[in-house]
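Undergrad: Fold the following and give me the result.
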Amino acid sequence: MAANPLHPTSAATSIRVRDGKRLVTDGPFAETREQLGGYFLIDAKDLDEAIGIAARIPAARTGTVEIRPVMEIAGLPAG
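TA: Purely as a prediction, here's the structure:
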């Protein structure tokens, strides 16, 4: 079990895949009519690797996948 919070939405990167092309934007998944449908916790070496993984998630083809780093806080349970 992990209990680390996410960095704020200002640290987010959003991924969409349309017509086979990745659309990467800085910032959060902000359209208010949409909501969180679930999450994936991945271990990526850097943002580029995380973007590559996010682009392969099927939901990126019809919606948006938001990437946010996990905060490292000492003393919280490790995963």
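Undergrad: How far off centre is stretch 50-67?
TA: 8 Å (C-alpha atoms, centre = their mean, to the nearest Å).
Undergrad: May I have that stretch exported as CSV, CA atoms only?
TA: Taking Å, rounded to 0.1, in the frame of the first residue of the first chain, the C-alpha atoms of stretch 50-67 are listed here in CSV:
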residue,chain,number,x,y,z
ALA,A,50,5.6,8.2,-18.7
ILE,A,51,4.2,9.9,-21.8
GLY,A,52,5.0,6.8,-23.9
ILE,A,53,3.2,4.6,-21.5
ALA,A,54,0.2,7.0,-21.2
ALA,A,55,-0.2,7.1,-25.0
ARG,A,56,-0.7,3.3,-25.0
ILE,A,57,-3.6,3.5,-22.6
PRO,A,58,-6.8,2.9,-24.6
ALA,A,59,-8.6,5.8,-22.9
ALA,A,60,-6.1,8.2,-24.5
ARG,A,61,-7.7,7.6,-27.9
THR,A,62,-11.1,8.9,-26.8
GLY,A,63,-10.4,11.0,-23.7
THR,A,64,-7.4,12.4,-21.9
VAL,A,65,-4.8,10.7,-19.7
GLU,A,66,-3.2,13.1,-17.1
ILE,A,67,0.3,12.4,-15.8
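Undergrad: Quick one: residues in contact with that stretch.
TA: With contacts defined as C-beta atoms under 8 Å, 6 or more residues apart in numbering, stretch 50-67 is touched by 9, 12-18, 22, 24, 28-29, 34, 37, 40, 42, 44, 47. (Each C-beta comes from the backbone N, C-alpha and C, glycine too.)
Undergrad: any idea how far residue 19 is from the spatially most central residue of the chain?
TA: In the chain, the C-alpha nearest the mean C-alpha coordinate belongs to residue 67, at 1.8 Å (C-alpha atoms, centre = their mean). Counting by C-beta to C-beta, to the nearest Å, the gap from residue 67 to residue 19 is 21 Å.
Undergrad: again with residue 72
TA: Residue 72 sits 37 Å away from residue 19 when distances are taken as C-beta to C-beta.
Undergrad: Tell me the pLDDT of the nearest residue to residue 13 once chain neighbours are set aside.
TA: Excluding its sequence neighbours, the residue lying closest to residue 13 (C-beta to C-beta, 6 or more residues apart in numbering) is residue 67, at 4.5 Å. As predicted, residue 67 sits at a pLDDT of 92.
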